[in-house]
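> Turn this into a model:
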Amino acid sequence: MTTWQSRLSAEIEQNIDHLVQFRRNLHRFPEVSGEEFQTSLSLYQILGDLGLSVRMGPDGRGVIADLDTFESEGSTAIALRGDIDALRIHDCKKVDYCSQVDGVMHACGHDAHTTLVLGAAQAIQALAKSNELPWPIRARFIFQPAEETCVGAKAMIKAGALEDVSAILATHMEPGLPFGKVGFRKGELTANCEEIRINIHGSSGHGARPYEANDPIAAAAQLINTLYLAIPRVTQTHEAVVVSFGQIHGGTSANVIPETVQLQGTIRTLQSQTRTETIRHIHRIAEGIAMATQTEIEVSFDLGTPAVRNDGTVIDLLKENCVELLGMPAIHEVPRASMGGEDFAFYLDHVPGAMIRLGCATPGSSTWPLLHSTRFDIDERVLPLGANLLARSVIACFEPGSRFHTYLLQSRTTSHPDSTSD
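Residues are numbered from 1 along each chain as shown. Next up is the predicted model:
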């Protein structure tokens, strides 16, 4: 371990209690997407007190903080991103930091992601102030609102979060892995997520005389059942696709066949060709059901997030620093992409980057609450570990003459690199 790495670890170790308390405070007072005002203000004040250059995100939500130790202008920045919003889920844990906001909790680890980026910022700034950084660096710390509603990343990008940025790094809690394991994957890590909206128009009638109506509820039932059965049969077996409906709205009385029914659901795919073919199949099946039921069926799609596609070289950077910090046993090769979505993907439309998964379950636990669970929690030892890994990786990016530094400098003047490059 080099001198600067030892100092970095010592700085984070010294700050563990503050990181734990900061994360627990976020967990006690969560704010849902679109309402992250107090969280943003708190971060703005802490980062400003550290001496970083700080600005608020759009509408007073989200924070962007910069650290630059270059003496001349024109340097490139490496960004760290943490998301700050919570979910409308009731916290059922029996802990003293249980959510104090009824029906709202950090059930997806965003409080931890935020704490990791803050911890990395505090440690790097401490080394900068004491002139212990091994070489000049430029880092940007992005605290993003509204990840769960898939609008926060785009808003922060529009506000200038990626200006002069060459690469971006992020983490996600992984309750399927024990503390001490770190998940890496080149290429697709998450899925393309698309919302489906379907309006079915029929003609109303008496529930006792369905032959006098064109029943949109019957059409909806046939459509959902046919899609669930047919889509897997028309998709190549090695391609992943998920179609699910989470909302059905129609009717006001038990004995009245309604005029219309609305459906809302989601499509998850990994490959663009699979996405295109799935949309085509859904339209084709809807047309057939409409003809058979004598209804009109309107189908529309709204892209939530594209797939997160991790850049191979950035993954190599993170993996190399992980091995130096924790050793080879910490490395977990993620075997397949998740069908979940992440709006971190929008940053990767502009610059190379990567998201890694940090094991957050206590080793040896037989069952650990999964993401979006009412009892979700983390092994808090992941906080200093993740902060250290992110901070090391940022500093290592700027090592003069290293392949990572050369690669990231080149990325400023070239198109987006191949996300699976080695």
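
> Walk me through the domains of the protein.
Segmentation of the chain into domains, based on automatic domain parsing, reads 3-189+307-411, 192-305.

> Let's have the ones you listed in JSON lines, adding mean pLDDT and mean neighbour count.
For the C-beta atoms, the positions are set from N, CA and C on the backbone; glycine is no exception. Listed next are those as JSON lines, based on pLDDT from 0 to 100; neighbours: other C-beta atoms under 10 Å:
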{"stretch": "domain 3-189+307-411", "mean pLDDT": "97", "mean neighbour count": "20"}
{"stretch": "domain 192-305", "mean pLDDT": "96", "mean neighbour count": "16"}
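
> Tell me the first helix or strand C-terminal of the longest helix seen in the chain.
Across the chain, the longest stretch assigned as helix under DSSP state H is helix 272-293. On the C-terminal side of helix 272-293, the closest following helix or strand by DSSP states H and E is strand 296-305.

> pull the longest strand from this structure.
For the chain, the strand that runs over the most residues, judged by DSSP state E, is strand 165-178.

> Show me what the longest helix of the chain is packed up against.
Using 3 or more C-beta pairs under 8 Å, 6 or more residues apart in numbering; DSSP states H and E, the elements in contact with helix 272-293 are strand 192-201, helix 216-234, strand 241-249, strand 260-269, strand 296-305.

> thinking Phe198 is in contact with Gln262, fair?
You called it Phe, but residue 198 is Ile. Yes - under the criterion of C-beta atoms under 8 Å, Ile198 makes contact with Gln262 at 7.1 Å.

> Would you confirm that Ile137 contacts Ala396?
No - with the criterion set as C-beta under 8 Å, Ile137 and Ala396 do not qualify as a contacting pair; they are 9.5 Å apart.

> so what's Leu263 closest to, chain neighbours aside?
The shortest distance from Leu263 to any non-neighbouring residue, by C-beta to C-beta, 6 or more residues apart in numbering, is to Ile198 (4.2 Å).

> Who is that neighbour paired with across the strands?
Per DSSP bridges, the residues bridged to Ile198 are Leu263, Val299.

> go on, the one 5 residues further on?
As for beta bridges, Ser203 partners with Asn214 under DSSP bridges.

> ok, it - contacts?
For Ser203, the set of contacting residues under the criterion of C-beta atoms under 8 Å, 6 or more residues apart in numbering consists of Ala213, Asn214, Glu259.

> Would you check how far apart it and Glu212 are?
Ser203 sits at a distance of 8 Å from Glu212 (criterion: C-beta to C-beta, to the nearest Å).

> repeat for Asn15
Using C-beta to C-beta, we find Asn15 at a distance of 72 Å from Glu212.

> And the helices in the chain, which stretches?
3-14, 16-28, 37-49, 110-129, 152-158, 216-234, 272-293, 312-326, 345-348, 382-397, 403-411.

> Redo those helices as TSV? Include distance to Thr76.
As requested, the helices of the chain are exported to TSV (distance: least, C-beta to C-beta, whole Å):
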stretch	distance to Thr76
helix 3-14	20
helix 16-28	28
helix 37-49	21
helix 110-129	16
helix 152-158	17
helix 216-234	44
helix 272-293	30
helix 312-326	14
helix 345-348	15
helix 382-397	9
helix 403-411	6
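
> In space, what's closest to Ile395 - neighbours in sequence excluded?
Nearest non-adjacent residue to Ile395, counting by C-beta to C-beta, 6+ apart: Ile137, 5.8 Å away.

> same check, this time on Arg275
Thr269 (4.3 Å).

> same thing with Gly250?
Val261 (3.3 Å).

> Same check on Leu67?
The spatial neighbour of Leu67 that comes closest, neighbours along the chain excluded (C-beta to C-beta, 6+ apart), is Ala139 at 4.7 Å.

> end to end, how far does stretch 366-378 reach?
End-to-end span of stretch 366-378 (C-alpha to C-alpha, to the nearest Å): 14 Å.

> What of stretch 84-104?
Criterion C-alpha to C-alpha; first-to-last residue distance in stretch 84-104 is 13 Å.

> same deal with stretch 301-320?
From the first residue to the last, stretch 301-320 extends over 40 Å; the measure is C-alpha to C-alpha.

> Next: stretch 346-364.
Separation of the first and last residues of stretch 346-364 by C-alpha to C-alpha is 36 Å.

> likewise stretch 59-74?
Between the opening and closing residues of stretch 59-74 lies a distance of 29 Å (C-alpha to C-alpha).

> likewise stretch 83-102?
Start-to-end span of stretch 83-102 (C-alpha to C-alpha) is 21 Å.

> who touches it?
Judged by C-beta under 8 Å, 6+ apart, the contacts made with stretch 83-102 from elsewhere in the structure are 24-34, 36, 39-40, 43, 62, 103-108, 110-111, 113-114, 143-149, 152, 372-377.

> Likewise for stretch 155-163?
Stretch 155-163 is touched from outside by 57-58, 62, 64, 79, 140, 142, 144-146, 168, 346-347, 350-351, with contacts defined as C-beta under 8 Å, 6+ apart.
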